[in-house]
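Chemist: kindly generate the corresponding structure for this input.
(one chain, ligands or ions: 1)
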Amino acid sequence: MVLDLRVDRANVGYRVQTLAGDGVGTEIWTLMAPLAPRRTAIEVRYYLPERRRERLEALAEKYRCSCEQLWDEDEAMMMRRDSLTARAAARRLRRTLPLPLILGELSELRRQLPLLVEYDGEEFRVVELEDGTLLAHATTCPHWLGPLGGAASGKGMLRCPWHGYLFDIRTGESADGRGYRLAQSPRVVVDPATDEVSLIACARAL
Ligand code: FES
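Modeler: Okay, the predicted model is just below:
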């Protein structure tokens, strides 16, 4: 399929035209009108190269449903990005380190891994690597903020389910040369005397 995307900045909209493949000749116009600081009216127009009435009605219904779904998903994604960005900004302004979070006794914790925990208002996933090292990693992908809480992991790597980018869990760095880095995570510390496991913030996160 070949698509042609044209952005019309002057009229706050864009047009997608199918040049080849399924639906060739179809044009979709998306027009937006700001209503208030956090409200936008969106109108989506479909121009279909189809003249048979019945077929046209079926296509219209199909496009209407998929459009609604896509915009709902986009809206949810943008709201998530918005709230994560605001939380990160609030954290940067704070001057003190959060207190350690006690996760419990080592053998009990191991039974629950991988474990999602909230620490300092952020979600992390505690995992155990093949060599027995316990680590926490951020659950938000630095690419488009995809969810990493249930991401496939193995051999110290983590793969984002949205676009497949790969991260080294130990360093947080991209493992596929893309230059991204996971947000800094707290350290997982095991008290050798009691086997109690805690999450402890790293000073350079501030
Ligand atoms: S959002 Fe994770 S790879 Fe794109």
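Chemist: okay, domains of the protein per the record?
Modeler: Residue ranges for the domains of the chain, per automatic domain parsing: 1-49, 53-93, 101-205.
Chemist: the last one near the ligand anywhere?
Modeler: Spelled out, that is domain 101-205. Yes - judged by Cβ under 6 Å from any ligand atom, domain 101-205 comes into contact with the ligand at 141, 143-144, 146, 160, 162-163, 165. Where you see a C-beta, it was placed from the backbone N, CA and C, and this is true even at glycine.
Chemist: of the domains of the chain, which stretch is the most buried?
Modeler: Highest mean neighbour count among the domains of the chain (mean count of other Cβ atoms under 10 Å): domain 101-205, with a mean of 16.
Chemist: tell me where the chain has helices.
Modeler: Ranges of helices in the chain, per DSSP state H, are 53-93, 106-112.
Chemist: which of those helices sits closest to residue 177?
Modeler: Nearest of the helices of the chain to residue 177, taken as Cβ to Cβ: helix 53-93 at 24.4 Å.
Chemist: output the contacting helices and strands for the closest one.
Modeler: Counting contacts by 3 or more Cβ pairs under 8 Å, 6 or more residues apart in numbering; DSSP states H and E, helix 53-93 packs against strand 39-47.
Chemist: quick one: the strand it packs on to chain centroid distance?
Modeler: Centroid separation for strand 39-47 versus its chain: 25 Å, with Cα atoms, centre = their mean, to the nearest Å.
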